[in-house]
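Novice: can't give you the sequence, but here's the structure:
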């Protein structure tokens, strides 16, 4: 059994069109005790291939989020198709079948807004390529709450609309190309096992 | 949900914080004995925030005042908070497993009782009625379908669904291994589909709360799909405790496709039957 995560080592990520390629530049480069909770827009009626794509390529454990699952360190969680995923204050994952937001379920905004409540100033969010506005408001909320926000530079994104929408709503902590994002996440503080 | 409203609603709720929300849930419990205090907080906050817009209230305190003094508004609020847009035969592979794995066990009982807990507007309960009818069990079955919202129950009892939803229901029915044609089970008129009377005859819709009520009968199957995701840990444990108590020995429990007993207190009282479909059996 892995350690349960603590708030400062949880990173939320949102991606849409071009997201699988972008995540392919980030997730395989991560190691250690980080926890990632990711929403990628996918068709609602098909099984997701994300775990089978990323499991063999990542050193972190990769799985689909289950309801009431405690967030473990060293694990990447993907939202299951057709469910929103949220983070509760006790750092457990929660699913919901509430209406789509921005025509999306899972929605990045739903995840990011829950991260504001659950993680507060410790929230760290990454918004990548995409062709809609999902995630912009949630990212702005995390920014306003004092969390760290990272947006993929629109000029480097396959679909610039989503990063641009976020930039129109707030001034994020970092606006970077994908390589630099991967390097930055790798430097985030990690939980010290001996502190437990 | 309009994304703009959703964002504004969330910002509003963030500003007012948790205090009003806690007081609202307490007030609702004291006034109406509906207990949302054990619900999963993150989703509940979103729905409450959205309800501020629906009811035109600038703050939760204002909403609380209206709900305390206007029972009809509370009825509407309750439906807004609890309604779950479902489909008939949602997750067809689940119902296929029910047909292939669980029904043969149920067929060995002289009479069958099923509890659909949190039935919302009835889609799941009617799906079971069709399934049992096709397997020749409906005549000796009673399906108890329960919910906390009287408006949900009225709609479920009516068994009338918008015509545009029927294509999805039909597709699900076929994928779930339906033995007939879905059109045998409804009559269409004026843009609405009314489900067949013979299905309703064996359905009992009633008011029951997994938060505050206790077990009402012994059943061989409990189906509670995509309800527990809205519950916090303790309330989920309470609900699963009720299912355990209500189920006969070797009785079955079906959950939503992303729900699991793994993190529940009573997990050891059940074994996996069809793991992928979240169908369990009481030991």
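Specialist: Alright, I've got the coordinates. All figures in this text were calculated on a predicted structure; none of them were measured in a lab.
Novice: quick check, stretch B:57-76 touching chain A?
Specialist: No. Contact check for stretch B:57-76 against chain A, using Cβ under 8 Å from any Cβ of the partner chain: none in range, with a minimum separation of 14.9 Å. Just so you know, the C-beta spots here come from the backbone N, C-alpha and C atoms, and that holds for glycine as well.
Novice: tell me the helices in the stretch 51-200 of chain B, going along the chain?
Specialist: If DSSP state H, counting those that start in this stretch is used as the criterion, the helices of the stretch 51-200 of chain B fall at B:60-69, B:71-82, B:92-97, B:103-106, B:123-134, B:150-158, B:166-175, B:197-200.
Novice: Tell me, how many residues neighbour residue 168?
Specialist: The chain I'm using is chain A. One way to gauge burial is a neighbour count; for residue A:168, by other Cβ atoms under 10 Å in any protein chain shown, it gives 10.
Novice: I was after chain B.
Specialist: For residue B:168, the neighbour count with other Cβ under 10 Å is 14.
Novice: Tell me the predicted confidence for the closest residue to it other than its chain neighbours.
Specialist: Here the nearest residue to residue B:168 in space, its sequence neighbours aside, is residue B:87; by Cβ to Cβ, 6 or more residues apart in numbering or on different chains that works out to 5.6 Å. Here the pLDDT value assigned to residue B:87 is 92.
Novice: Repeat that for the one 4 residues further on.
Specialist: According to the per-residue confidence, residue B:91 scores 94 in pLDDT.
Novice: what does the one 4 residues further on give?
Specialist: Reading off the confidence values, residue B:95 has pLDDT 98.
Novice: how far away is it from residue B:44?
Specialist: Separation of residue B:95 from residue B:44 (Cβ to Cβ, to the nearest Å): 29 Å.
Novice: Residue B:173 now?
Specialist: For residue B:173, the distance to residue B:44 - Cβ to Cβ - is 33 Å.
Novice: what residues are up against residue B:116?
Specialist: Residues near residue B:116 by Cβ atoms under 8 Å, 6 or more residues apart in numbering or on different chains: B:124-125, B:128, B:143-146, B:223-224.
Novice: my bad, residue B:240
Specialist: So residue B:240 contacts B:228, B:261, B:264-266 (Cβ under 8 Å, 6+ apart).
Novice: Tell me which residues of whichever strand or helix holds it come out buried.
Specialist: Counting by DSSP states H and E, the secondary-structure element that holds residue B:240 is helix B:233-246. Neighbour-count burial for helix B:233-246 flags B:233, B:235-244, B:246 (criterion: 16 or more other Cβ atoms under 10 Å in any protein chain shown).
Novice: who touches the single nearest residue of the stretch 51-200 of chain B relative to chain A in this structure?
Specialist: Per Cβ to the nearest Cβ, the residue of the stretch 51-200 of chain B with the smallest distance to chain A is residue B:84, at 6.5 Å. By Cβ under 8 Å, 6+ apart, the contact list for residue B:84 reads A:97, B:118, B:120-121, B:226-227.
Novice: Now with 7 Å, please.
Specialist: With contacts taken as Cβ atoms under 7 Å, 6 or more residues apart in numbering or on different chains, residue B:84 has the following neighbours: A:97, B:120, B:226.
Novice: Same list, these, but as a markdown table with neighbour count, pLDDT and distance to residue B:64 please.
Specialist: Below are the contacts of residue B:84 laid out as a markdown table (neighbours: other Cβ atoms under 10 Å in any protein chain shown; pLDDT from 0 to 100; distance: Cβ to Cβ, whole Å):
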| residue | neighbour count | pLDDT | distance to residue B:64 |
| --- | --- | --- | --- |
| A:97 | 20 | 93 | 26 |
| B:120 | 24 | 93 | 25 |
| B:226 | 23 | 95 | 28 |
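Novice: List the ones among those residues that fall in strands.
Specialist: Applying DSSP state E to these, no entry is found in strands.
Novice: May I see these organised as CSV, with distance to residue B:110 added?
Specialist: What follows is the contacts of residue B:84, written out as CSV (distance: Cβ to Cβ, whole Å):
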residue, distance to residue B:110
A:97, 37
B:120, 31
B:226, 32
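Novice: if I look at residue A:153, how far off is chain B?
Specialist: Here residue A:153 is placed at a distance of 24 Å from chain B (Cβ to the nearest Cβ, to the nearest Å).
Novice: re earlier: who's more crowded, residue B:95 and residue B:44?
Specialist: When neighbours are counted by other Cβ under 10 Å, residue B:95 comes out ahead of the other of residue B:95 and residue B:44, with 26 against 20.
Novice: Please name the nearest non-neighbouring residue to the more buried one.
Specialist: Nearest in space to residue B:95, with sequence neighbours left out and distances taken as Cβ to Cβ, 6+ apart, is residue B:176 at 3.8 Å.
Novice: how much space is there between that neighbour and residue A:63?
Specialist: Residue B:176 is 27 Å from residue A:63, where distance means Cβ to Cβ.
Novice: Identify, from the contacts of residue B:116, the entry nearest to residue A:90.
Specialist: The closest of the contacts of residue B:116 to residue A:90 turns out to be residue B:224 (Cβ to Cβ; 22.6 Å).
Novice: Touching, that closest one and residue B:118? I think so.
Specialist: Yes. With the criterion set as Cβ atoms under 7 Å, residue B:224 and residue B:118 qualify as a contacting pair; they are 5.9 Å apart.
Novice: Please say which of the two ends up with more neighbours.
Specialist: Of the pair residue B:224 and residue B:118, residue B:118 is the one with more neighbours under other Cβ under 10 Å, namely 26 against 23.
Novice: Please name the residues that touch the more buried one.
Specialist: The contact partners of residue B:118, taken as Cβ under 7 Å, 6+ apart, are B:147, B:210, B:224, B:227.
Novice: tell me the contacts of the last one?
Specialist: So that's residue B:227. Neighbours of residue B:227 in contact, by Cβ under 7 Å, 6+ apart: B:117-118.
Novice: Let me know the helix or strand that residue B:273 is in.
Specialist: Residue B:273 is part of strand B:270-274, with elements assigned from DSSP H and E.
Novice: Show me what that strand is packed against.
Specialist: When contacts are defined as 3 or more Cβ pairs under 7 Å, 6 or more residues apart in numbering or on different chains; DSSP states H and E, strand B:270-274 packs onto strand B:279-282.
Novice: Now pLDDT too, for the buried residues of helix B:233-246, in CSV please.
Specialist: As requested, the buried residues of helix B:233-246 are arranged in CSV below (pLDDT from 0 to 100):
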residue, pLDDT
B:233, 95
B:235, 97
B:236, 97
B:237, 97
B:238, 97
B:239, 98
B:240, 98
B:241, 98
B:242, 98
B:243, 98
B:244, 98
B:246, 98
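Novice: pLDDT wise, what is residue B:23 at?
Specialist: The predicted local distance difference test score for residue B:23 is 94.
Novice: ah, wrong one, I meant residue B:112
Specialist: Here the pLDDT value assigned to residue B:112 is 98.
Novice: Once you drop chain neighbours, what's closest to it?
Specialist: Ranked by Cβ to Cβ, 6+ apart and with sequence neighbours excluded, the top spatial neighbour of residue B:112 is residue B:141, at 4.2 Å.
Novice: what residues are up against the one you found?
Specialist: By Cβ under 7 Å, 6+ apart, the contact list for residue B:141 reads B:112, B:114, B:132, B:202.
Novice: Give me the subset of the residues you listed lying in strands.
Specialist: Assigned to strands by DSSP E, the following of these qualify: B:112, B:114.
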